[in-house]
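>>> Sequence and predicted structure are below.
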Amino acid sequence: MPIPSSLQDLPTQAPIDLSGLRDIHIPIAPSFWPPAIGWWYLAGLILAVLIGMVIWRIHIIHGWRYQAQRVLYHSFILHANAPVLLARDISHVLKRVLRTIHPTAKIGRLAAEQWADFLQKEVPHVFSKEEAKIIAFSTYMPHNRVITVPASRLYRKTRLWIRRIKKEKKHAHYHRRHS
């Protein structure tokens, strides 16, 4: 077929009947719910990270308590029949706890009587005067000395003392000195 030289030379056709055609239907847009699998993976990853951060934070805040209670338990198992040795270990554990809580305090320099008073004042109503003195003076007692306080009571009260002690805020000592 020859190529027409102008538009007027194009053959005209009869009009096309469009009445039988249907309207164009646009497909339905994907819904927001349920999300695609990639969004579920992303939500799961974010949730896992948040749970991990909470667990890590709890471990940082309370990890020293768990560690102290674990050491205390092992000492109790080892020295259940020797209360003086248990009291000596309790004294060492409590000094380690206090060095963790109050890093600037001079806990190691407290004499036996001062140490007993400190134990009673730091967490009141846990140790009796007698129990605090046994813990404080245990370093100087012979290991076979008979004491009136059973080892199980020293162990229970020390666990309670560790649970009740409050950790000092990070910069609380700064604010007390400069206010």
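Nice, I can see it.
>>> use CA for all of it now, contacts and neighbours both
Fine.
>>> Please, which helix or strand holds the residue nearest the centre of the chain?
Here the mean C-alpha position of the chain is nearest to the C-alpha of I58 (C-alpha atoms, centre = their mean), at a distance of 0.7 Å. I58 is part of helix 37-78 when elements are defined by DSSP states H and E.
>>> got it, and S91?
Per DSSP H and E: helix 83-101 holds S91.
>>> average pLDDT across that helix?
Averaged over helix 83-101, pLDDT sits at 92.
>>> Which strands or helices does that helix pack on?
Secondary-structure packing of helix 83-101 (3 or more C-alpha pairs under 8 Å, 6 or more residues apart in numbering; DSSP states H and E): helix 37-78, helix 129-137, helix 151-164.
>>> Compute the inter-axis angle for the helix holding I58 and helix 151-164.
Counting by axes from the mean of the first three to the mean of the last three C-alpha atoms, to 10 degrees, helix 37-78 lies at 140 degrees to helix 151-164.
>>> hmm, who's touching the helix or strand where K121 lies?
According to DSSP H and E, K121 maps onto helix 112-122. Applying C-alpha atoms under 8 Å, 6 or more residues apart in numbering, the set of residues contacting helix 112-122 from outside is V126, F127, S128, K129, A132, K133, I135, A136, F137, I165.
>>> who's in contact with the first one?
By that I understand V126. Contacts of V126 by C-alpha under 8 Å, 6+ apart are Q120, K157, L160, W161.
>>> Could you rerun that using 10 Å?
L119, Q120, A132, R156, K157, T158, R159, L160, W161, R164 (C-alpha atoms under 10 Å, 6 or more residues apart in numbering).
>>> Right, I'll leave it there.
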